[in-house]
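Asker: Requesting a structural model of the entry that follows:
(chains A and B)
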There are 2 protein chains.
Amino acid sequence: MNRVRAVVYGVGRMGSIATRLMLDKGVDIVGAISRSPQKIGRDLGDVAGLGIQTNVLVEDDPRAVLSSRAADIAVLTVSSYMADMFDHFRVCAETGVNAISLAEESLYPWRTSPNETARLDKLAKVNGVTLTGSGHQDVYWLNLVSLMMGTAHRIDSVVGRASWNVDDYGPEVAGDQRVGDTPGDFRRFLDSADRPPTFGRNTLDALVADTGLTVTSIENSTRPEIADSDLYCHTLGITVPAGNVIGFTDIDTIRTAEGTSFTFEMTGSVYQDGQGDKNDWEIRGEPYLRVTNPVVPTQMTTCTQLVNRIPDVINAAPGFITVDQLPQLKYRAFPLAAYVAGR
Amino acid sequence: MNRVRAVVYGVGRMGSIATRLMLDKGVDIVGAISRSPQKIGRDLGDVAGLGIQTNVLVEDDPRAVLSSRAADIAVLTVSSYMADMFDHFRVCAETGVNAISLAEESLYPWRTSPNETARLDKLAKVNGVTLTGSGHQDVYWLNLVSLMMGTAHRIDSVVGRASWNVDDYGPEVAGDQRVGDTPGDFRRFLDSADRPPTFGRNTLDALVADTGLTVTSIENSTRPEIADSDLYCHTLGITVPAGNVIGFTDIDTIRTAEGTSFTFEMTGSVYQDGQGDKNDWEIRGEPYLRVTNPVVPTQMTTCTQLVNRIPDVINAAPGFITVDQLPQLKYRAFPLAAYVAGR
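Answerer: Model (predicted):
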């Protein structure tokens, strides 16, 4: 059985975890790519903090690495948006290497970046490779919901609520989430902001596409989250007074000609003690259904899904193939090669 | 597009609901089978309480019905165990009609009834049809858990807990669940009882088979559920005094050579006010995961899955094909024929 050969494309926090998981699953890491001068030339094991030498040096030329290692797949942990991902996906396709990415938009980019996605799809088909986006949203926001929807007779609306803690992501993100704003500051921010589509939107696009329903409208609104009482924000080192902003909730809604609507409310805010990430979906119709994850270890499940999806991506037909088109994700008890067709 | 043609095989409570759901989904009901003299010869719409005439009369000869209607599928709602199901599945296979059943054991009967299942598998292949078991356990106890397991890196144990209300199922079931027993009565029942394998066992068999792990031991134990305070059992019309039995929990555990264990605790007991059916699964390992359904409308989801699975069964390869081998269940927004390959 030939082992799976992977290139680690991006060696930050997520790429480092994914590297460890792949090594555990019998994957040969045959290359590592970073543009950080602090990482280039060092052993991947050191950069990823694995406590072992991998004998793979971090390099800075994606095309050189991808075209020379006979890799089955590149694991991309470099960006969130398709505008930035385009060149990364393209070099994988042009060098004949399948790719899986945790870029949130790449989960389902056909509606938010149709031109880039169509070009990549064509390039992937020409080169016989599969390009796919996965990550936390693969199961928790998309396939878990799609599966539960499979147990409904009639669906009037689907309403999802997820949350993440601003304090997990550093001061820059806390600033982006407007932590500490007065309500007036926040209104002015909303009026002036030119924000890209949310990742909740990409999730809903995938959910709706999976049903075959016809989209009639797409709406987005934003609601500030307000501190009930004074709340300390660890990442900024400030106490937000009661009445000020501790983050916000993006609310996306897609309506369809058939009458079913889909709403996703995603909240990024400073948590109070004991508050945890949330994932909670209601399916309203006949019957009323609900599914929830009482614990949501988002960073780990981002990486586990990226790694466990690898065999599905290698097995898939060429093209830009979204995860709603792949088989139901499975636990990989054995080396990943055991799940690759023909190995 | 040719409509899906179905025979309703069993016209009790579940068969009646399934009939309504199929009519809603554009299925042509081309036959109805019952052995009840009170139902035979009457219109299916009357027997099922649909408030409409279907112009399908309930008949009592399965072979005559199945061999004459060019049905795509028979929907079986007649028994729980494979010993009873064998003849029902056989007549479907012999008449060339695919079949889907809600018999709990048929979800995954390869280990609890290997001979019957192998014979049916062979017969199905010879006749080019697919035989499948679905029902509530398809998604809620099997595929939901399997999907969540797909987001784990390493699984040490899987622990599921489900419950159902004795008062939902009539006095006979309440008696079977030992409602009202003293603890001494219950011990004597356990010592003398020769009970068949639980349906939790079939669920775990499917989960383990889906992982490819090697079974080393299978254990079953039973724990009485004891009334904390006096509790009224509606279906028996008695008050169970504190300290006596209000039902019991079956606990199945499968251990594997690879170290992962699977446990399912299923509780059937008299509920207190406000208590609802439960479905709660923990996946212990890296990371720790949990998924739960705060509401569990078991009877409806039994029927919705039976109906929504129909296209998958028609599309599947011949044989006795368990639902872990079928595509991820999807919502059927359109007539079922839209999901059948080649229609």
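Asker: Now do the helices in the stretch 201-343 of chain A.
Answerer: Assigned by DSSP state H, counting those that start in this stretch, the stretch 201-343 of chain A shows helices spanning A:298-308, A:310-315.
Asker: Pick the most buried one from these.
Answerer: helix A:298-308 (a mean of 24; mean count of other Cβ atoms under 10 Å in any protein chain shown). Every C-beta, even on glycine, is put in place using the N, C-alpha and C of the backbone.
Asker: Just name the shakiest helix or strand of chain A by mean pLDDT.
Answerer: Taking mean pLDDT, DSSP states H and E as the measure, the helix or strand of chain A with the lowest value is helix A:170-176, at a mean of 87.
Asker: After that helix, which helix or strand is next?
Answerer: Following helix A:170-176 in sequence order, the next helix or strand is helix A:183-192 (DSSP states H and E).
Asker: which residues touch that following helix?
Answerer: Identification of contacts with helix A:183-192 by Cβ atoms under 8 Å, 6 or more residues apart in numbering or on different chains yields A:Arg178, A:Asp181, A:Thr222, A:Pro224, A:Ile226, A:Gly243, A:Asn244, A:Val245, A:Phe248.
Asker: For chain B, find the nearest of the helices of the stretch 201-343 of chain A.
Answerer: Proximity to chain B (Cβ to the nearest Cβ) singles out helix A:298-308 among the helices of the stretch 201-343 of chain A, at 4.2 Å.
Asker: returning to what we had before: make a PyMOL selection of the buried ones in the contacts of helix A:183-192.
Answerer: Burial among the contacts of helix A:183-192 is assessed by 16 or more other Cβ atoms under 10 Å in any protein chain shown; the matching PyMOL selection reads:
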select buried, chain A and resi 178+181+224+226+244+245+248
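Asker: Would you format the contacts of helix A:183-192 as TSV with pLDDT included?
Answerer: Conversion of the contacts of helix A:183-192 to TSV gives the following (pLDDT from 0 to 100):
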residue	pLDDT
A:Arg178	95
A:Asp181	96
A:Thr222	95
A:Pro224	97
A:Ile226	96
A:Gly243	97
A:Asn244	97
A:Val245	97
A:Phe248	96
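Asker: of all the contacts of helix A:183-192, which two lie farthest apart?
Answerer: The two members of those with the most space between them (Cβ to Cβ) are A:Thr222 and A:Gly243, at 18.2 Å.
Asker: how about the strands in the stretch 51-200 of chain A?
Answerer: A:58-59, A:73-76, A:98-101, A:130-133, A:154-165 (DSSP state E, counting those that start in this stretch).
Asker: now for those, which one comes closest to chain B?
Answerer: Of all the strands of the stretch 51-200 of chain A, it is strand A:154-165 that lies closest to chain B, at 6.2 Å by Cβ to the nearest Cβ.
Asker: burial measure for the residue in the stretch 101-250 of chain A that chain B sits nearest to, as a count.
Answerer: Per Cβ to the nearest Cβ, A:Gly150 is where the stretch 101-250 of chain A lies closest to chain B, at 3.3 Å. Per other Cβ atoms under 10 Å in any protein chain shown, the neighbour tally for A:Gly150 reads 22.
Asker: thought it was touching B:Leu329?
Answerer: Yes: counting by Cβ atoms under 8 Å, B:Leu329 is a contact partner of A:Gly150 at 3.3 Å.
Asker: hey, what's in contact with both of those two?
Answerer: Common neighbours of A:Gly150 and B:Leu329 (Cβ under 8 Å, 6+ apart) are B:Val139, B:Gln305, B:Asn308.
Asker: Of these, which are in range of chain A?
Answerer: Counting by Cβ under 8 Å from any Cβ of the partner chain, B:Val139, B:Gln305, B:Asn308 from the shared contacts of A:Gly150 and B:Leu329 sit close to chain A.
Asker: Averaged pLDDT, stretch A:325-335. What do you get?
Answerer: Stretch A:325-335 shows a mean pLDDT of 97 in the predicted model.
Asker: quick one: buried residues of the least confident helix or strand of chain A?
Answerer: Quick answer for helix A:170-176 (16+ other Cβ under 10 Å): A:Val173, A:Ala174.
Asker: Give me every residue in the stretch 151-300 of chain A lying close to chain B.
Answerer: Of all the residues in the stretch 151-300 of chain A, those lying near chain B are A:151-155, A:210-213, A:258, A:260, A:286-295, A:297, A:300, going by Cβ under 8 Å from any Cβ.
Asker: For PyMOL, what selects the buried ones among those residues?
Answerer: This is the PyMOL syntax for the buried subset of those, where burial follows 16+ other Cβ under 10 Å:
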select buried, chain A and resi 151+152+153+154+155+210+211+213+260+286+287+289+290+291+292+293+297+300
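Asker: so of the residues of the stretch 151-300 of chain A next to chain B, which ones are in strands?
Answerer: Mapping those onto strands (DSSP state E) picks out A:Arg154, A:Ile155, A:Glu286, A:Leu289, A:Arg290, A:Val291, A:Thr292.
Asker: Domains in chain A, by residue range?
Answerer: A:5-134+A:309-339, A:138-296 (automatic domain parsing).
Asker: what residue ranges in chain A score low on pLDDT?
Answerer: Scanning chain A for pLDDT under 70 picks out nothing.
Asker: if we go to 80?
Answerer: Scanning chain A for pLDDT under 80 picks out A:1, A:193.
Asker: Wait, A:Leu204 touches A:Thr256, no?
Answerer: No: between A:Leu204 and A:Thr256 there is no contact under Cβ under 8 Å: 10.7 Å.
Asker: so what sits against both of the two?
Answerer: Common neighbours of A:Leu204 and A:Thr256 (Cβ under 8 Å, 6+ apart) are A:Phe262.
Asker: Between the two, point out the one with more neighbours.
Answerer: Shown here are A:Leu204 and A:Thr256; by other Cβ under 10 Å, A:Leu204 has more neighbours (27 against 17).
Asker: State the distance from the more buried one to A:Asn293.
Answerer: A:Leu204 sits 19 Å away from A:Asn293, taking Cβ to Cβ, to the nearest Å as the criterion.
Asker: next one: A:Gly133
Answerer: 21 Å.
Asker: Please apply the same query to A:Val8.
Answerer: 28 Å.
Asker: Please apply the same query to A:Ile246.
Answerer: In this structure, A:Ile246 and A:Asn293 are 23 Å apart, going by Cβ to Cβ.
Asker: now A:Gly41
Answerer: In terms of Cβ to Cβ, A:Gly41 sits 41 Å off from A:Asn293.
Asker: and if you look at A:Ser101?
Answerer: Distance from A:Ser101 to A:Asn293, by Cβ to Cβ: 23 Å.
Asker: Please apply the same query to A:Tyr339.
Answerer: For A:Tyr339, the distance to A:Asn293 - Cβ to Cβ - is 25 Å.
Asker: cool, A:Phe264 as well?
Answerer: For A:Phe264, the distance to A:Asn293 - Cβ to Cβ - is 15 Å.
Asker: What about the closest residue to chain B within the stretch 201-343 of chain A, how many residues nearby?
Answerer: Chain B sits closest to A:Leu329 of the stretch 201-343 of chain A, with a gap of 3.3 Å, by Cβ to the nearest Cβ. Neighbourhood size, A:Leu329 [other Cβ under 10 Å]: 24.
Asker: Excluding chain neighbours, give the residue nearest to it in space.
Answerer: Once flanking residues are discounted, A:Leu329 sits nearest to B:Gly150: 3.3 Å by Cβ to Cβ, 6 or more residues apart in numbering or on different chains.
Asker: Now do the contacts for that neighbour.
Answerer: So B:Gly150 contacts A:Val139, A:Gln305, A:Asn308, A:Gln328, A:Leu329, A:Lys330, A:Tyr331 (Cβ under 8 Å, 6+ apart).
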